[in-house]
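# Predicted structure and sequence below. I'll ask about it afterward.
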Amino acid sequence: MSKKQIDKDLIKIAEDEGALSLISAALRKIDAILTGAFGTEKLELLMIPGRLVQAARNDRFLFQLAQEFKTLKEKGEIKNNYAKTEQATACLQELLSALEHPPVDETKFELLKSIFLKAATEKLTSRNDPTPQLLMSIAKELSSGEILLLAVVYKLGKDKIPTDVAHNAYAWLRHISQNSVLSTTAMVEFFESRLIDKKLLTDRSFSDKSGIDTRLHFRLTDLGVKLCHFFIEDTETSFKE
């Protein structure tokens, strides 16, 4: 049995029976894999389930993207010639590059897909604007936790900010944890530091790092806000012909 056929069989198992079934299925095929002409090492065998889980996910993700692109095109929200633009090609390459470097889960793919489709409608930017590709290159480096934190900061920033939260970093952490799936302040703080490094959240102030400035958008930088514009559905059109 060839390596290609084994991969195909295991992906089918993942689709039909779920990701966990890949582990036992891969072990059942251990003899065929280790004695095959392609000379797979034992270490590679241990990596097969994880690689194929992502492969099965990628198939589903790309099918979903193609279907949503087709639907928007049929509704007239995407112009017929957009798919041939340099922007479409560049953004698709960024998306495919992200899928080649797992893990990519539903949260991360939703961000990448949203940037691609928002760019395609040409409501936020024009087809000649490099912004979508640049945002895609930033987005593919984000973890799911960072994306979830970005989204909740954007949404909470649209509401009235409690007085005790406006300038106190620890109150900010607590407020985020109480109003999101990031259920502990330590978890929020873990992803906060990464978003600061990536220039998506403003840094803390004072020598003890207890102060914050929430005046812009609850600590989002202008780059963070722009990225959220391509991800959160309640934004207004900013690009005009």
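Nice, I can see it.

# what about this structure, any weak spots by pLDDT?
Residues of the chain meeting the criterion pLDDT under 70: 1-52, 234-241.

# so residue 157 makes contact with residue 215?
No. Residue 157 is not in contact with residue 215 according to CB atoms under 8 Å; the separation is 10.3 Å. Where C-beta positions appear, they are placed from N, C-alpha and C, glycine not excepted.

# Compute the distance between the residue nearest to the spatial centre of the chain and residue 169, please.
Residue closest to the average C-alpha location in the chain (CA atoms, centre = their mean): residue 108, at 1.9 Å. Using CB to CB, to the nearest Å, we find residue 108 at a distance of 27 Å from residue 169.

# re earlier: and residue 157 and residue 215? Which one has more around it.
Between residue 157 and residue 215, counted using other CB atoms under 10 Å, the more crowded position is residue 157 (17 against 11).

# For the more buried one, list the residues it contacts.
Each residue near residue 157 by CB atoms under 8 Å, 6 or more residues apart in numbering is listed here: 214, 217, 218, 219, 220.

# And residue 221, by the same measure?
Going by CB under 8 Å, 6+ apart, residue 221 touches 199, 200, 201, 202.

# Try it again at 6 Å.
199, 200, 202 (CB atoms under 6 Å, 6 or more residues apart in numbering).

# So among those residues, which ones count as buried?
200, 202 (16 or more other CB atoms under 10 Å).

# Show me the contacts of residue 221 that map onto strands.
Residues of the contacts of residue 221 located in strands (DSSP state E): none.
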